[in-house]
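**Q** take this sequence and fold it.
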Amino acid sequence: MSLPVTTAPDLLLGVDSVALVAPDGDAVRGTMVLDGRHRGPDGRPALGALGVLVDEVLGYSIIASLPPDSWTVSTEIWVDLLAPLPYAGRLHADARTVQVGSFAVGRVLDEEGRVLAECRERGRVIDDVPDPDAPLPPAPSEAGDGLAAALGLALGDVSRLEVAPPLENPRRMLHGGVSLAASEVVATWSRMAAGCPLATSSVHVLHTRAAAYGETLELTTRTVHAGRSLWVTDVVGTVAGRPVVQARVSAQ
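**A** Numbering: from 1, shown residues only. Presented below is the predicted three-dimensional model:
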């Protein structure tokens, strides 16, 4: 199989140029362009907007460390912000595997080479290898206004996200980077509703079960700590009452 495989969320969120640095290695690089579709509910460029780019470079690094025709799914993704994201411009990400088939680390940089975020991912090997030639839905014609709108995420006391083709990975399940993005957006919305002005500084997402095409992910939040300089929110995403995504989002 030729790696990496372009996904529908790549097209949706402007991720491009994801590629192996060398055909026989596990170093992966990718880029994306930030614009209006990547703003969070607080008007800032959302840390969650990095979710798809990060999951792509980390995940394909892990896959590339395995024998040909192998595949993995992300079980945990961490992203830590080191500097504010720009409102527009191209970002670069790179990743390498530190434990074959299971763990990769990476970073996100701006156009000048400054490190904006550190990231890591734990993956699990599966037998269900996707079809690399499956057709992709068409890319959206407009960038959209904000990350919630781009994802089709309906915000509320219980936020809802329908698993539709633009949000799917090559196995037609909810993309791990999309679930990270949605978790960060609902956490930000929850902080704003409580009057907190802090910006997201880190996200840790666990994927406990896959969400398939046509299912609706329901996301709820719980404030763990509400301080003036540190705010911590837990996010739980379920499908028909079964846990799918659990995240801890910090702001400071």
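
**Q** mind listing the helices for the stretch 1-150 of the chain?
**A** Per DSSP state H, counting those that start in this stretch, the stretch 1-150 of the chain carries helices over the ranges 8-13, 51-64, 147-151.

**Q** packing partners of the longest one?
**A** Other elements packing on helix 51-64 under the criterion 3 or more CB pairs under 8 Å, 6 or more residues apart in numbering; DSSP states H and E are helix 8-13, strand 15-20, strand 28-34, strand 71-81, strand 89-99, strand 103-109, strand 115-126, helix 176-193. C-beta here means a position set from N, CA and C on the backbone, and glycine is covered the same way.

**Q** so how far is it off the chain centroid?
**A** 10 Å (CA atoms, centre = their mean, to the nearest Å).

**Q** just the angle between that helix and strand 103-109, please?
**A** 140 degrees (axes from the mean of the first three to the mean of the last three CA atoms, to 10 degrees).

**Q** tell me the most buried of the helices and strands packed on helix 51-64?
**A** Of all the helices and strands packed on helix 51-64, helix 176-193 has the most neighbours on average by mean count of other CB atoms under 10 Å, namely a mean of 27.

**Q** following that one, which helix or strand comes up?
**A** Moving toward the C-terminus from helix 176-193, the first helix or strand encountered (DSSP states H and E) is strand 200-207.

**Q** can you list the strands that that following strand pairs with?
**A** strand 71-81 (antiparallel), strand 242-251 (antiparallel) (DSSP bridges).

**Q** what's the closest of these to E168?
**A** strand 71-81 (12.8 Å; CB to CB).

**Q** by mean pLDDT, flag the weakest helix or strand of this protein.
**A** Evaluated with mean pLDDT, DSSP states H and E, the helix-and-strand set of the chain has its lowest mean pLDDT in strand 15-20, which scores a mean of 88.

**Q** picking up where we left off before, ok, which of the strands paired with strand 200-207 comes nearest V224?
**A** With respect to V224, and counting by CB to CB, the nearest of the strands paired with strand 200-207 is strand 242-251 at 7.5 Å.

**Q** and the closest one, which residues are buried?
**A** For strand 242-251, burial by neighbour count (16 or more other CB atoms under 10 Å) applies to V244, V245, Q246, A247, R248, V249, S250, A251.

**Q** any idea how far that strand is from the middle of the chain?
**A** Taking CA atoms, centre = their mean, one finds the center of strand 242-251 at 12 Å from the center of the full chain.

**Q** got a pLDDT number for G144?
**A** Looking at G144, its pLDDT is 62.

**Q** swap in L3?
**A** Taken from the predicted model, the pLDDT recorded for L3 is 72.

**Q** contacts only, for it.
**A** L20, Y60, I63, A64 (CB atoms under 8 Å, 6 or more residues apart in numbering).

**Q** switch the cut-off to 10 Å
**A** For L3, the set of contacting residues under the criterion of CB atoms under 10 Å, 6 or more residues apart in numbering consists of 18-20, 23, 28, 60-61, 63-64, 68, 70-71, 132.

**Q** got the contact list for V5?
**A** Under the criterion of CB under 10 Å, 6+ apart, the neighbours of V5 are 18, 56, 60, 63, 71, 130-134, 136, 169-170.

**Q** from L66, how far off is it?
**A** From V5 over to L66 the distance is 15 Å, taken as CB to CB, to the nearest Å.

**Q** hmm, back to that, and the contacts of the least confident helix or strand of the chain?
**A** The set of residues external to strand 15-20 that reach it, using CB under 10 Å, 6+ apart, is 2-7, 9-10, 26-33, 50-57, 59-61, 63-64, 90-93, 177.
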